[in-house]
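Undergrad: with the sequence up front, the predicted model follows.
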Amino acid sequence: MAQSDFTTINFYVNFVLKIDFSLFLIIFTQTKDAAMKKSKVILSVFLLVQIIVIKILSAFPEFIEEYYSNGLYLWISKISRIIFGSLNFSIGDVIYLILIAILIRYIFKNRKTIFSWKSWKTGWKSKFLTVISFVSVFYFCFNFLWGLNYHRIPLYEKMNLDKEYTKEELIVFTKKMILKVNEIHSLIAKNDSLKFINPYDIETIYDKTQNGYDQLGNQYSSFKYENPSIKKSLVSLPLTYMGFGGYLNPFTNEAQVNYKIPKYNFPTTVCHEMAHQLGYASESEANFIGYLASINNNDIYFKYSGYSYALKYCLGSIEKFEEGKSKELWPLIHPGILKNFQESKDFWDGYQTPIDTFFHYFYDHFLKANQQKDGLEGYSKFVGLMMGYYKDKAKVG
């Protein structure tokens, strides 16, 4: 990182700290009630300051990469996973549920005031500052504990991967992937017409994921994973209705996995969330790393999960080039594999509601607000990373 860049960042950080220190001095010179009011103002101003600082830092991904993603965050994540990973339940989900319960209780207890136009007309400033103060604290914790990883150096630059490809190149690559998935399917199914059913229970899958990351970590030190903290989400049913297979809790660094999803691709979903724990916030990068961790696992069921996961995305990417084109490749795929794909489609279609649409819309805009310009489309962008990884190789695997 250039010295001039570091000097520029240092100037802005010192400037912000001086402002905050001066503002906090004002708080402690006031009475208790005045201090409470001032604290709301300070936190509200602090939110604006944070947004400006994050915007500045996002222009210096090398700084984020060196001092946060490969510096401070490594300690934050390690401590979080050691503390919360020792618990056999999701503390993050419990905290969320408690906060929701407190919010519902507060709304019910103060319903007359909250839903009173007269009350809002006379006290809207105080209520507005209360909400902004909460958002300010939330925003700080989110970015400090994990969110700054959205602004690190893109993985394709670090690994020197060419992620651009043509439709013709994608079709050729997809055919190679079909051969690999068919090969593994033949080893785990009695015949090519049977769909694969993962015989492992969820806890066994959690235990076995470490092997894939151990193998991957031997090849790439930045993918080394220690101190597992993988949990069955207590809100798996709501997650299903929202259309999500899991999520990373940025405050506790727990990998939360929806235990209701079809188990044939459960291993790769777990590996995807673990990639987020390593500090890879981009969904395409988490998909790519999760794929690599799956196929590098010594367990053949994990390999099937990873390769079939990748194949499904390849077929989807072909459809984006030309609708209906991927169907030309279906005869090349074992019927049992297609049944697994149909199993997954049927599962998600069974929970399709306006809730799913709303949360996908919300998360799409959330990703775009955090330097992920492709939004939810970023999930499928991992095909480019994968093709860059295998470039000039005769076959997949």
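TA: It's in.
Undergrad: low-scoring stretches of the chain, by residue?
TA: For the chain, applying pLDDT under 70 flags the ranges 1-36, 114-124, 355-380, 392-395, 397.
Undergrad: tell me the domain ranges of it?
TA: Using automatic domain parsing, the domain parsing of the chain gives 3-151, 155-389.
Undergrad: V396 is nearest to which of those?
TA: Nearest to V396, of all the domains of the chain, is domain 155-389, at 4.5 Å by Cβ to Cβ. In short, each C-beta sits where N, CA and C put it, glycine included.
Undergrad: ranges for the helices of the stretch 201-350 of the chain?
TA: 202-219, 236-242, 266-277, 283-295, 300-321, 335-349 (DSSP state H, counting those that start in this stretch).
Undergrad: in the protein, where's the longest helix?
TA: helix 117-145 (DSSP state H).
Undergrad: got a list of contacts for the helix or strand following that one?
TA: Later in the chain than helix 117-145, the nearest helix or strand by DSSP states H and E is helix 155-158. By Cβ atoms under 8 Å, 6 or more residues apart in numbering, the surrounding residues in contact with helix 155-158 are 161-163, 222, 280, 282, 285, 288-289, 384-385, 388.
Undergrad: K312: which of those residues is nearest?
TA: In terms of Cβ to Cβ, no member of the contacts of helix 155-158 lies closer to K312 than F288, at 14.5 Å.
Undergrad: can you get me a residue count around the closest one?
TA: When counting by other Cβ atoms under 10 Å, one arrives at 28 neighbours for F288.
Undergrad: list the contacts for it?
TA: F288 neighbours (Cβ under 8 Å, 6+ apart): 155, 275, 382, 385-386, 389.
Undergrad: 6 Å - rerun?
TA: For F288, the contact set (Cβ atoms under 6 Å, 6 or more residues apart in numbering) comprises 382, 385.
Undergrad: and the gap between it and Y247?
TA: Per Cβ to Cβ, to the nearest Å, F288 is found 18 Å from Y247.
Undergrad: and if you look at I91?
TA: From I91 over to Y247 the distance is 14 Å, taken as Cβ to Cβ.
Undergrad: cool, and F144?
TA: From F144 to Y247 the distance is 19 Å (Cβ to Cβ).
Undergrad: what's the answer for G316, then?
TA: To Y247, G316 is 21 Å away according to Cβ to Cβ.
Undergrad: which one of these two is surrounded by more residues?
TA: Neighbours per residue (other Cβ under 10 Å) separate G316 from Y247, with Y247 holding more: 20 against 13.
Undergrad: would you mind measuring from the more buried one to N265?
TA: Y247 is 16 Å from N265, by Cβ to Cβ.
Undergrad: do the same with Y313
TA: As for Y313, its distance to N265 is 11 Å (criterion: Cβ to Cβ).
Undergrad: so these two - more neighbours on which side?
TA: With neighbours defined as other Cβ under 10 Å, Y313 and N265 compare such that N265 has more, 24 against 20.
Undergrad: phi, psi of I184?
TA: Backbone dihedrals for I184, given as degrees, to the nearest 10, come out at phi -70, psi -40.
Undergrad: tell me, how many residues neighbour the closest residue to it other than its chain neighbours?
TA: Nearest residue to I184, sequence neighbours excluded (Cβ to Cβ, 6 or more residues apart in numbering): Y304, at 4.8 Å. Using other Cβ under 10 Å, Y304 has 28 other residues around it.
Undergrad: ok, Y304 touching N182?
TA: No. The pair Y304 and N182 fails to qualify as a contact (Cβ atoms under 6 Å) at a distance of 10.6 Å.
Undergrad: about what we covered before: out of the helices of the stretch 201-350 of the chain, which comes closest to A189?
TA: helix 335-349 (5.3 Å).
Undergrad: buried sites along that closest one?
TA: By neighbour count on 16 or more other Cβ atoms under 10 Å, the buried set for helix 335-349 is 336-337, 340-341, 343-344.
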